[in-house]
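Predicted model follows, preceded by the sequence.
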Amino acid sequence: MEKKIPGLHHVTAIASDPQRNLDFYVELLGLRFVKRTVNFDDPGTYHFYFGDRRGTPGTILTFFPWPGVRRGIRGTGQIEATAFSISPDSVGFWLERLKRQHVAAERIAARFGEEVIRFVDPDGLLLELVASNSLPSVEQWPDSPIPPEHALRGFHSVSAALEGYDKTARLLTDTFGYRLIEESENRFRFASGDDSAPGRIVDLLCLPDSGVGRVAAGSVHHIAFRARDEQEQLQWREQLVDLGYNVTPVIDRIYFHSIYFREPGGVLFEIATEPPGFTSDETIEDLGTDLRLPPWLESARSQIEKILPAIYVPHKQ
Ligand code: ZN
């Protein structure tokens, strides 16, 4: 089959306090709050989307903030770290900024020739900023608190912690069309062919001696790959079913359509369509301003608004 996965669409993680989550990603990291909606499967709770100005696929980090939820346990069968690209000239800026904001960050050993800053968000989610020589093009948010030259440029990569990596590697190469481009000790780096777009790298970490992780606050819930349109998504579904995967039907997430399945290493994978995107129900200027609900929840809006905790959006555009 000709089609290939061009890269990541979004990464979805679990948070606890919604306001603390918003403050960290908008105020501190300078991502734009591109959609304020609810978890369609649990409409009494928020679903936040952060990204570049438009919420371009490959820049989107989303959260289910569940107040009071317990913390997850890091281990295999989950995404260990989510990495954003920054310019190699921004390493000093970010180390200084994180220090000033009392976020304990460390500069770890360069990985495949690129410098890496590592820290955790307020819920313990492991994040990395990777100084990348090939910066992808994203739409910068002009009102960001971060100067444009230092802004995050979408996803660099995700690192999946796996007990064994062969079957996942085969899914990435034989089915998704990724290539093994680097390896060092237990880290295997796979990349899609589209090197102009963000989110083209997946690292598989082979950790046979680690325990199995538990997904909760501070963990990635799932990662989504991009499909160019609905037709391509249906082809992916058919192909994955033929390979023996247990794939959900297509689910309408309003801003994209989704299918989900568990990859052989235990990580929940999604394939999401690029269209229609976040401007399907509000203008690009207004993204994130108001609570947006899917049509089937509009009749319950007043109850939903009463249940959701009040939030204040920092750096409102
Ligand atoms: Zn998703």
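Thanks, I have it.

residues in contact with the residue in the stretch 101-250 of the chain that the ion sits nearest to?
Each residue of the stretch 101-250 of the chain has a distance to the ion, by C-beta to the ion, and the smallest belongs to Ala224, at 4.4 Å. From N, CA and C alone the C-beta is placed, and that goes for glycine too. With contacts taken as C-beta atoms under 8 Å, 6 or more residues apart in numbering, Ala224 has the following neighbours: Leu8, His9, His10, Val11, Thr12, Ser258, Phe269, Glu270, Ile271, Ala272.

mind redoing it with 10 Å?
Under the criterion of C-beta atoms under 10 Å, 6 or more residues apart in numbering, the contact list for Ala224 reads 8-12, 57, 60, 62, 199, 253, 256, 258-260, 268-273.

Which ones among the residues you listed lie within strands?
Helix and strand membership here follows DSSP state E; of those, those in strands are 8-12, 60, 62, 258-260, 268-273.

Highest neighbour count among those residues?
When neighbours are taken as other C-beta atoms under 10 Å, the top entry among the ones in strands among the contacts of Ala224 is Ile60 (30 neighbours).

how much space is there between the spatially closest residue to it that is not a sequence neighbour and the ion?
Leaving aside its sequence neighbours, Ile60 sits nearest to His10 (C-beta to C-beta, 6 or more residues apart in numbering; 3.7 Å). Look at His10 and the ion: by C-beta to the ion, to the nearest Å, they are 6 Å apart.

Same question for Asp42.
When distances are taken as C-beta to the ion, Asp42 and the ion turn out to be 14 Å apart.

Please report how far that residue lies from Ile14.
Note on Asp42: its distance to Ile14, by C-beta to C-beta, to the nearest Å, is 12 Å.

which of the two has more neighbours?
Ile14 (21 against 11).

Which secondary structure element is home to that one?
When secondary structure is defined using DSSP states H and E, the element that contains Ile14 is strand 8-15.

count of residues packed around Lys99?
Lys99 sits with 11 neighbouring residues when counted by other C-beta under 10 Å.

For it, which non-adjacent residue is closest in space?
Ala105 (6.9 Å).

pretty sure Ser184 is touching Phe112, no?
Yes - between Ser184 and Phe112 there is a contact under C-beta atoms under 10 Å: 6.9 Å.

Tell me which of the two has more neighbours.
Neighbour count, other C-beta under 10 Å: between Ser184 and Phe112, Phe112 has more, with 14 against 9.

what about the more buried one, distance to Arg32?
29 Å.

shared neighbours of Asp42 and Ile14, anything?
For the pair Asp42 and Ile14, residues contacting each of them under the criterion C-beta under 10 Å, 6+ apart are Phe64, Trp66.

Enumerate the residues of the stretch 101-250 of the chain near the ion.
Ala224 (C-beta under 5 Å from the ion).

at 6 Å what do you get?
The stretch 101-250 of the chain comes close to the ion at residues His222, Ala224, as judged by C-beta under 6 Å from the ion.

which regions of the stretch 101-250 of the chain sit below the pLDDT cut-off?
Judged by pLDDT under 70, the stretch 101-250 of the chain has no weakly predicted residues.

Can you name the residues bridging to whatever residue of the stretch 1-150 of the chain ends up closest to the ion?
Taking C-beta to the ion, the ion has its nearest neighbour within the stretch 1-150 of the chain at Thr12, 4.6 Å off. Going by DSSP bridges, Thr12 is paired in beta bridges with Thr62, His222.
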